[in-house]
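> Sharing a model that was predicted from the sequence below.
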Amino acid sequence: MNYKSRITLDIIFKVVFKATGYLVLALLGGIFAMLVYNSISFFLDVKPLDFITGMEWAPTAKTPKYGMLPLILSTTLVTFGAMIIAIPIGVGTASYIAIYAKPRVKNILKPTIEMLAAIPSVVIGFLGIVVLSPGIADLADLPNGLNALNGAILLAVMALPTIITVAEDAIHAVPNAYKEASYGVGATRWQTLRKVIIPAAAPGIITAIMLGVGRAIGETMTVLMATGNAALMPTGMFDSVKTMTATIAIEMGEVPYQTTHYYALYAIATVLFFMTLFANIVGEFFINRFRKYHAV
Amino acid sequence: MQFKTNKLSSVIEWGSLLLSTAIVCFFIVVIIWEIFSKGFSVLSWEFTTMVPKEGMTSGGILTPIIGTVLLTLITSAFAVPFGICCAIYLNEYAENTWVTRTIRAAIRNLSGVPSIIYGLFGLALFVQALNFGTSLVAAGLTLGLLSLPYIITTTEEALKRIPNSTREAALAVGATKFETIKDVVIPSAMSGILTGIVLTLSRAAGETAPILFTGAAFYINGSSGYVNQEFMALPYHLYMLSTQHQSIDQVRPIAYGTALVLVVVVFLLNLTAFYIRYKFRKDEN
């Protein structure tokens, strides 16, 4: 190839590479624009305040009601329940792997936990139906176990790999000098873990938790299959709940194109988008603090 | 006295960490055991090579297997070149301007966008605006968009590990920047790039939410091989069998079989990724 065509090729590909970079920007912009555009169509029919604070979700009733508060509360309840289970177990496991486990045990545990992360959410949802739900129904003496508790346990299982991996990295990254200083003044391993290592790794652990929260809020298939899908105000963990993601998944298949109900589902997606965005931004804020803290 | 108490509580405390690890292991064992023990009896050559029959109460899962394979091919045909080009731009060309910082922020946020929202975006863009209809290609492209941020991130990580001296050596003997990237940088970063691609695809193959409204179908009669038609996919098949089918008890064994095949496919892809990483690392030494 002569020099001129080589240079031309060089320039062409520079433009191609750059264009793909900008296309990614366009993608996020496109998703955002789609959500906003369809939400605006919805808010022309329904007042935003009625949407957010409305106590009843009944879009197919004679007088349709588009109150998404039950959906928000369902999502919050399931996510909150999942985190109550996943945070102590996750941080405990991360501490064990980072501090106590022998290299050989660590080499088995880490890939096994990564494998758990690889299992598709639809399979976890399926196990929720066939294993966990009958178990809960038996224990709590209910007709079926498709409720918030079922969803929370399954989401905890799905959030655990993320929480363990990120928290383990954070705990591992705490400088040895901190530990040695603590041992040096006579602290036990547990005291060191609780009073020195965990606080020092806290920003990383919070990031891990926020990533877990973001995943739990946005997770669709598991909650769709395992939580019963009753769009009522949840009163406890044994109630059937209908999360925001599940509402979109169920109703989008049946709703007529470009009706208020159709746009309402996009409006739910917009709220969902901002909730996960918020969780990610909080997580990112803490990971940056963590880096700064230990760079010194 | 004080010392003794510490020692005792130390044991209890150590136990609590061990307990949380044990609980995690218990979850993993239950999941694996449940799927493998009950799915294995269903699994046979006929099961994987026969199309669903009699309202899916008998027959096999060949149609969903073919659908998942084609879907993953379309996803990778779109996301792999796009993702690699974007990563090359970010790592090799982009300077630290507000534009590139915004692009990076966009990628980070895209990886946090819930998959169901990708489904809605795919529905609005591919199915409706571009008029592809609910089809294999619409679903494949939707999954491609979902996979994009992961492919970009992992590729960029792989490119970052190539030392600058390698690039400078190529440039010094007269290669253009593009030739340097094509002949030197990419080949050296290949193991990292491939690992990222395989892991991303294993994830895409198991996704259900984005294909719900973009093309997955409850049942397709035999030949689903055209990109402009609806298709069956393993994850969607499992979802339908376990929640939407009338005779739940009759189809449950098939659901177990489908779950097992899905998990085995995902694990095999993950093992492939580990193997690539291991083999290339060994070759480098």
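Noted; the coordinates are in hand.

> Would you mind finding the longest helix in the chain?
Answering for chain A, as no chain was given. Criterion DSSP state H: the longest helix present in chain A is helix A:3-43.

> That was the other one, I meant chain B.
As assigned by DSSP H, the longest helix anywhere in chain B is helix B:2-40.

> same for that one, what does it pack against?
The contact analysis (3 or more Cβ pairs under 8 Å, 6 or more residues apart in numbering or on different chains; DSSP states H and E) places helix B:2-40 against helix A:69-95, helix A:103-118, helix A:121-127, helix A:148-172, helix A:189-192, helix B:248-284. Where C-beta positions appear, they are placed from N, C-alpha and C, glycine not excepted.

> I'd like to know which residues of the stretch 151-285 of chain B are adjacent to chain A.
The stretch 151-285 of chain B has residues B:152, B:176-179, B:181, B:202-203, B:205-209, B:212-213, B:235-236, B:238-239, B:242-243, B:252, B:255, B:259, B:262-263, B:266-267, B:270, B:274 near chain A, with proximity defined as Cβ under 8 Å from any Cβ of the partner chain.

> nearest spatial neighbour of residue 13, skipping sequence neighbours?
As the question left the chain open, I've gone with chain A. Using Cβ to Cβ, 6 or more residues apart in numbering or on different chains and skipping residues adjacent in sequence, the residue nearest A:Phe13 is B:Phe178, 4.5 Å away.

> Please refer instead to chain B.
Per Cβ to Cβ, 6+ apart, closest to B:Glu13 is A:Trp190, 4.2 Å.

> Wait, that neighbour touches B:Val11, no?
No - in this structure A:Trp190 lies outside contact range of B:Val11 using Cβ atoms under 8 Å: 9.6 Å.

> out of these two, which sits in the more crowded spot?
Under the criterion of other Cβ atoms under 10 Å in any protein chain shown, the comparison of A:Trp190 against B:Val11 puts A:Trp190 first, with 19 against 10.

> who touches that one in this structure?
Counting by Cβ atoms under 8 Å, 6 or more residues apart in numbering or on different chains, A:Trp190 touches B:Ser9, B:Ser10, B:Glu13, B:Trp14.

> Please export the C-alpha coordinates of stretch B:75-94 as PDB.
Provided in PDB are the C-alpha atoms of stretch B:75-94 (Å, rounded to 0.1, in the frame of the first residue of the first chain):
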ATOM      1  CA  THR B  75     -26.300  -9.200  19.500                       C
ATOM      2  CA  SER B  76     -22.600  -9.800  19.100                       C
ATOM      3  CA  ALA B  77     -22.500  -8.800  15.400                       C
ATOM      4  CA  PHE B  78     -23.800  -5.400  16.500                       C
ATOM      5  CA  ALA B  79     -22.200  -4.800  19.900                       C
ATOM      6  CA  VAL B  80     -18.700  -6.300  19.400                       C
ATOM      7  CA  PRO B  81     -17.500  -4.000  16.600                       C
ATOM      8  CA  PHE B  82     -19.300  -1.000  17.900                       C
ATOM      9  CA  GLY B  83     -18.000  -1.600  21.500                       C
ATOM     10  CA  ILE B  84     -14.400  -2.200  20.400                       C
ATOM     11  CA  CYS B  85     -14.300   0.900  18.200                       C
ATOM     12  CA  CYS B  86     -15.600   3.000  21.000                       C
ATOM     13  CA  ALA B  87     -13.100   1.600  23.400                       C
ATOM     14  CA  ILE B  88     -10.300   2.300  20.900                       C
ATOM     15  CA  TYR B  89     -11.500   5.900  20.600                       C
ATOM     16  CA  LEU B  90     -11.600   6.400  24.400                       C
ATOM     17  CA  ASN B  91      -8.200   4.800  25.100                       C
ATOM     18  CA  GLU B  92      -6.100   5.600  22.000                       C
ATOM     19  CA  TYR B  93      -7.500   8.900  20.600                       C
ATOM     20  CA  ALA B  94      -9.500  10.800  23.200                       C
END
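
> list the buried ones in it?
B:75-76, B:78-80, B:82-92, B:94 (16 or more other Cβ atoms under 10 Å in any protein chain shown).

> How about stretch A:25-35?
Buried residues in stretch A:25-35 (16+ other Cβ under 10 Å): A:Leu25, A:Leu27, A:Leu28, A:Ile31, A:Phe32, A:Met34, A:Leu35.

> Just the closest of those residues to chain B, please.
For those, the closest approach to chain B (Cβ to the nearest Cβ) belongs to A:Leu28, at 4.2 Å.

> Spatially central residue for the chain, please.
Defaulting to chain A. By Cα atoms, centre = their mean, the mean C-alpha position of chain A lies nearest to A:Arg215, the distance being 1.4 Å.

> ah, I was thinking of chain B
Note: chain B centre (Cα atoms, centre = their mean) maps to B:Arg203, 1.8 Å.

> ok, B:Pro235 - contacts?
Counting by Cβ under 8 Å, 6+ apart, B:Pro235 makes contact with A:Pro120, A:Val122, A:Met221, B:Thr68, B:Ala205, B:Gly206, B:Glu207, B:Thr208, B:Ile211, B:Leu262.

> give me that answer again for 7 Å
For B:Pro235, the contact set (Cβ atoms under 7 Å, 6 or more residues apart in numbering or on different chains) comprises A:Pro120, A:Val122, B:Gly206, B:Glu207, B:Thr208, B:Leu262.

> State the number of residues packed around A:Met225.
29.

> I'd say it and A:Leu127 touch.
No - using Cβ atoms under 7 Å, A:Met225 makes no contact with A:Leu127, being 9.6 Å away.

> For the stretch 51-200 of chain B, give the residue positioned nearest to chain A.
Closest point on the stretch 51-200 of chain B to chain A, by Cβ to the nearest Cβ, is B:Pro114, at 2.8 Å.

> surely that residue meets A:Leu272?
Yes - using Cβ under 7 Å, B:Pro114 is in contact with A:Leu272, at 6.0 Å.

> is it true that B:Ile246 lies in a helix?
Residue B:246: Gln, not Ile. No - applying DSSP: H, G, I helix; E, B strand; the rest coil, one finds B:Gln246 to be coil, outside a helix.

> Dihedrals phi and psi, it?
As for B:Gln246, its main-chain torsions (degrees, to the nearest 10) stand at phi -70, psi -50.

> mind exporting stretch A:35-52 as PDB, just the C-alpha atoms?
Below are the C-alpha coordinates for stretch A:35-52, written out as PDB (Å, rounded to 0.1, in the frame of the first residue of the first chain):
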ATOM      1  CA  LEU A  35     -38.500   8.400  28.400                       C
ATOM      2  CA  VAL A  36     -39.100  12.200  28.600                       C
ATOM      3  CA  TYR A  37     -41.100  12.400  25.400                       C
ATOM      4  CA  ASN A  38     -43.500   9.600  26.300                       C
ATOM      5  CA  SER A  39     -43.800  10.800  29.900                       C
ATOM      6  CA  ILE A  40     -44.800  14.300  28.700                       C
ATOM      7  CA  SER A  41     -47.600  12.700  26.700                       C
ATOM      8  CA  PHE A  42     -48.700  11.000  29.900                       C
ATOM      9  CA  PHE A  43     -48.500  14.100  32.000                       C
ATOM     10  CA  LEU A  44     -50.700  16.000  29.600                       C
ATOM     11  CA  ASP A  45     -53.500  13.600  30.800                       C
ATOM     12  CA  VAL A  46     -52.600  13.000  34.400                       C
ATOM     13  CA  LYS A  47     -51.200  15.500  36.900                       C
ATOM     14  CA  PRO A  48     -47.600  14.600  38.000                       C
ATOM     15  CA  LEU A  49     -48.600  14.900  41.700                       C
ATOM     16  CA  ASP A  50     -51.600  12.600  41.300                       C
ATOM     17  CA  PHE A  51     -49.200  10.100  39.600                       C
ATOM     18  CA  ILE A  52     -46.600  10.100  42.300                       C
END
